[in-house]
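Novice: kindly generate the corresponding structure for this input.
(chains A and B)
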Amino acid sequence: MTMASLWFWIVAVMITVYVVLDGFDLGAGVIYLVAAKTNEERRRVLRAIGPVWDGNEVWLLAAGGTLYFAFPQLYASSFSGFYLPLMMVLWLLMLRAIGIEFRGHIENPVWQDFFDVVFALSSVLLCVFLGAALGNVVRGVPLDSTGYFFEPLWTNFRLGPQTGILDWYTVLTGVVALVTLTAHGSHYIALKTDEDLGRRARGVALLCWPLQFFLTCISLLATYFIRPEIMSNYNKHSLGVVVPIVVFSGLAVMLWATPKGKEKVAFVASSLYIAGMLVGAAFALYPVVLPARDHQHDLTIYNTSADVHGLSVGLVWWVLGAVLATGYFVFVYRMFRGKVRLSEGGY
Amino acid sequence: MDSALLIHRLHFAFTATFHYLFPQLTMGLAPLIVVLKTIGLRRNDPTYHEAARFWGRIFGINFVLGVVTGIPMEFQFGTNWSVFSKFAGGVIGQTLAMEGMFAFFLESAFLGLFLYGEKRLSPRAHWLSAVAVFVGSWLSGYFIIATDAFMQHPVGYITAADGSLQLGSFRGFVLNRWALWQYAHNMSGAAITGAFVMTAVGALYLLVNKWSEYGRIFVKVGVIAGCVFSILQIFPTGDAQGKLVADNQPVTLAAMEGLFQGQTAAPLVIVGQPNEQQGKIENPLEVPGMLSMLTYRRWSANVRGLDAFPKQDWPGNIPLLYYSYHIMVGLGTFFVAAMVIALLLLWRGKVFTTRWMLWILMLSAPFPYIANTAGWLVAELGRQPWLVYGLMRTQDGYSRAVSAGNGMFTLLGFMGMYTVLGILGLFLIRREIELGPASSEFASDFQPVAEAR
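Specialist: Predicted coordinates for the structure are as follows:
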């Protein structure tokens, strides 16, 4: 495997880790107003994600930084091309952080209601944006011979040569992401809380399942319909069969575990489902990193990566950093394990 | 100037300036919180632990604002400065990625433990989490400074066949001499902000005669730290930084000092207004020969003026650069004066009752923010017209795909968003100061220990 391929998979794995980890606190935000009714329940949801959400979000920054380091041309093209939605993502991330962190500083019901709505709404929108972003990358963008493009927010919702950020396909992937992360967050809250709150979270997860199953099938068919060439890697490498197995067994285990109250199993299954979907998409794209509507302008690992010396040096510190980061995460999650209690004995 | 270029520059300048209001306090407070925790642990004194918790809450608010305003900085390299990113990403991608891997993970994981975990951790482990937050925030600073230092003084790179810059020597790039001195100067500036803010809150508590026990701790710790770092800020860090500019960016030095004509025994202008059209300083108040002395350690040395360089290589906005530099230096001098007097009073045991000194200390809190902002303006305006000094001009680096209109839209969006963030942040910090230390029950979600008592 070449250096560039290795870094492709490192970035893909980092993005996957980001979605699995930040996904559950985004999902917790989506169900926040529905599942947590009283002030006490809302504080429990925030306490469940409080010590970890910021660290989870760092995976986005670290993945972004690593992408910049390994594929500067890709970072330059995609970030300037997706200019408008990225700026909106930034604003949503700000609002969401404020909603989570500042609520606990003010003992005033009106302010708390305000922060609650800010947190929930920004979480919903971020889920949709993340899904739509992935949809854009899979569908391809109007790159030209300069290696740059600019997408308006929407055009006519069809997939012509000049696409917008939103069209029927990316709206579909946005909804898939919303439902997936809602379920993911519900499993997490069911795992971390009990009583009415835990029961309601489990109820939401059960409600999500048929939708998630249906949307998974539809989105896979739609992807094949708009880009049949995504199958080429799967046809070439028989290893690819692992992806659908992981995705559908993840769904099956969720269906089995959720009603039985095996929250930990359901949460792990949901994580595997997300990992399967994302790694599957990366596997389908490889070695393309950003497909163009016109395939001769595709950005690939070969025409976007940094120099091989820089990539080799990076491998040394990246491995060290990843080991340390994993250590911190294991430590922090262990420290805050168990059900959330607001009183003594919990955290 | 091309309007898209102007808007992209303003976009980065505005978001970076606003962003840095927060990290300078978090980086400045982090070591002081470690000091409070250490004293608390060694003397087994609950007052110091409570003081650390109080500053932890203010740190937490600032940290959130620093994080959310910091994410756009990383994004803007790609969104607004894509041509620059393609050109230099092969080198500066190293430090930007390392910041995520080494600093952000460390900082975020241990801040969670520091704020939420005091009840679950042993006192020593809680102290260690404070140290980890300190190390994380200071590491983060280094990676950013190393990135900026590459733009100021590019070393350790090679030019690839396609014209882009790629990593040549990792050591050379990461241990850039410019980065080491700029880091020392910058971190000392952040520590001054932390020290002045801590002192100001302490002075307020002593003046209103409330939480005086804490007020004395804050003033004592703040004045000692403030004195040390105010001096370090000028010597050796500021002095060394100035010499690097003189050696590597002589045109910048001339513009900072308002030296339009090169001369031997060049004077140091203390005040005066630069007149760019006529190429002179109006109403100058000067110290003869001082600039030659400071720059070359000889009274009679020849200092090159702006006239020694082609006009296309002059920093674009000379008056702003000149004023920023003079404001920075003027305030730096004030910091030393204020803190040395306060330290003398502290040594004589009088500072806690000397009301005029407490008033000065309380009202000085905004000045380090102004000085740090002015300092960064000097660094970045002084780098103009270059984006990477000598290698890429600013006008060549912005995203061609992003139109001026879209840039303006998001710039206005950020201005609106940051106005709200700023008001909210001030409101929450003011509230914490008013509730004071030993008020943990109000913020029980963040401070489980008080709840347990």
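Novice: residues touching the closest residue in space to residue B:382 that isn't next to it in sequence, list them.
Specialist: Distances taken as Cβ to Cβ, 6 or more residues apart in numbering or on different chains place residue B:252 nearest to residue B:382, at 3.9 Å, with adjacent residues excluded. The way it works is simple: take the backbone N, C-alpha and C, and place the C-beta from them, glycine included. Contact analysis of residue B:252 by Cβ atoms under 8 Å, 6 or more residues apart in numbering or on different chains lists B:245, B:315, B:321, B:382-383.
Novice: most neighbours of all those residues, which one?
Specialist: Counting neighbours by other Cβ atoms under 10 Å in any protein chain shown, the top entry in those is residue B:321, with 25 neighbours.
Novice: show the contacting residues for residue A:126.
Specialist: Going by Cβ under 8 Å, 6+ apart, residue A:126 touches A:26, A:89, A:92-93, A:96.
Novice: and of these, the nearest to residue A:175?
Specialist: For the contacts of residue A:126, the closest approach to residue A:175 (Cβ to Cβ) belongs to residue A:26, at 14.5 Å.
Novice: so what's the gap between stretch A:183-196 and the chain middle?
Specialist: On the basis of Cα atoms, centre = their mean, to the nearest Å, stretch A:183-196 sits 18 Å off its chain's mean C-alpha point.
Novice: on that earlier part again, quick check, pLDDT for the residue nearest to residue B:382.
Specialist: Here, the pLDDT recorded for residue B:252 equals 96.
Novice: so which helix or strand takes in it?
Specialist: helix B:250-257 (DSSP states H and E).
Novice: identify the residues contacting the residue nearest to residue B:308 when sequence neighbours are not counted.
Specialist: Nearest residue to residue B:308, sequence neighbours excluded (Cβ to Cβ, 6+ apart): residue B:262, at 5.1 Å. Residue B:262 makes contacts with B:254, B:302-305, B:307-308, as judged by Cβ under 8 Å, 6+ apart.
Novice: what pLDDT does residue B:262 get?
Specialist: For residue B:262, the model assigns a pLDDT of 92.
Novice: packing partners of the helix or strand hosting residue A:61?
Specialist: Here residue A:61 is covered by helix A:53-70, with elements defined by DSSP H and E. Counting contacts by 3 or more Cβ pairs under 8 Å, 6 or more residues apart in numbering or on different chains; DSSP states H and E, helix A:53-70 packs against helix A:3-35, helix A:72-81, helix A:83-103, helix A:308-335, helix B:46-79, helix B:82-98, helix B:105-116.
Novice: now that helix - C-alpha only, PDB.
Specialist: Extracted in PDB, the C-alpha atoms of helix A:53-70 (Å, rounded to 0.1, in the frame of the first residue of the first chain):
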ATOM      1  CA  TRP A  53     -19.200  15.800  23.800                       C
ATOM      2  CA  ASP A  54     -16.300  18.300  23.400                       C
ATOM      3  CA  GLY A  55     -13.800  15.500  23.100                       C
ATOM      4  CA  ASN A  56     -16.000  13.800  20.600                       C
ATOM      5  CA  GLU A  57     -16.100  16.900  18.500                       C
ATOM      6  CA  VAL A  58     -12.400  17.200  18.600                       C
ATOM      7  CA  TRP A  59     -12.400  14.100  16.200                       C
ATOM      8  CA  LEU A  60     -13.900  16.400  13.600                       C
ATOM      9  CA  LEU A  61     -11.100  18.900  14.100                       C
ATOM     10  CA  ALA A  62      -8.400  16.300  14.200                       C
ATOM     11  CA  ALA A  63      -9.800  14.600  11.100                       C
ATOM     12  CA  GLY A  64     -10.000  18.000   9.400                       C
ATOM     13  CA  GLY A  65      -6.500  18.800  10.300                       C
ATOM     14  CA  THR A  66      -5.300  15.400   9.200                       C
ATOM     15  CA  LEU A  67      -7.100  15.800   5.900                       C
ATOM     16  CA  TYR A  68      -5.400  19.200   5.400                       C
ATOM     17  CA  PHE A  69      -2.000  17.700   6.200                       C
ATOM     18  CA  ALA A  70      -2.400  14.600   4.000                       C
END
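Novice: which parts of the strand or helix carrying residue A:266 are buried?
Specialist: Per DSSP H and E: residue A:266 is located in helix A:263-285. Neighbour-count burial for helix A:263-285 flags A:263, A:265-285 (criterion: 16 or more other Cβ atoms under 10 Å in any protein chain shown).
Novice: ok so, going back, now do the helix holding residue A:61 against helix B:105-116, angle only.
Specialist: Helix A:53-70 and helix B:105-116 are oriented at 170 degrees to each other (axes from the mean of the first three to the mean of the last three Cα atoms, to 10 degrees).
Novice: the residue lying closest to residue B:299 once chain neighbours are set aside: neighbouring residues, count only.
Specialist: Nearest non-adjacent residue to residue B:299, counting by Cβ to Cβ, 6+ apart: residue B:289, 4.3 Å away. For residue B:289, the count of nearby residues is 17 (other Cβ under 10 Å).
Novice: how close does residue B:289 get to residue B:267?
Specialist: Separation of residue B:289 from residue B:267 (Cβ to Cβ, to the nearest Å): 7 Å.
Novice: likewise residue B:304?
Specialist: Counting by Cβ to Cβ, the gap from residue B:304 to residue B:267 is 15 Å.
Novice: same question for residue B:8.
Specialist: 38 Å.
Novice: try residue B:356
Specialist: In this view, residue B:356 and residue B:267 are 35 Å apart by Cβ to Cβ.
Novice: by how many degrees do the helix or strand that contains residue A:110 and helix A:83-103 diverge?
Specialist: Using DSSP H and E, the element containing residue A:110 is helix A:109-139. Counting by the same axes, to 10 degrees, helix A:109-139 points 150 degrees away from the direction of helix A:83-103.
Novice: quick check: angle from helix A:109-139 to helix A:72-81?
Specialist: Using the same axes, to 10 degrees: helix A:109-139 against helix A:72-81 is 120 degrees.
Novice: ok and helix A:109-139 relative to helix A:263-285, angle-wise?
Specialist: Using the same axes, to 10 degrees: helix A:109-139 against helix A:263-285 is 40 degrees.
Novice: quick revisit: parallel or antiparallel, list what pairs with the following helix or strand past the helix holding residue A:266.
Specialist: Sequence-wise, the next helix or strand downstream of helix A:263-285 (DSSP H and E) is strand A:288-290. Sheet partners assigned to strand A:288-290 using DSSP bridges are listed as strand A:299-300 (antiparallel).
Novice: and for the partner strand, what are the contacting residues?
Specialist: Taking Cβ under 8 Å, 6+ apart as the rule, strand A:299-300 contacts A:73-74, A:77-78, A:143, A:147, A:287-292.
Novice: what's the mean pLDDT across that strand?
Specialist: Averaging pLDDT along strand A:299-300 gives 94.
Novice: equivalent analysis for stretch B:160-180, please.
Specialist: Stretch B:160-180 shows a mean pLDDT of 95.
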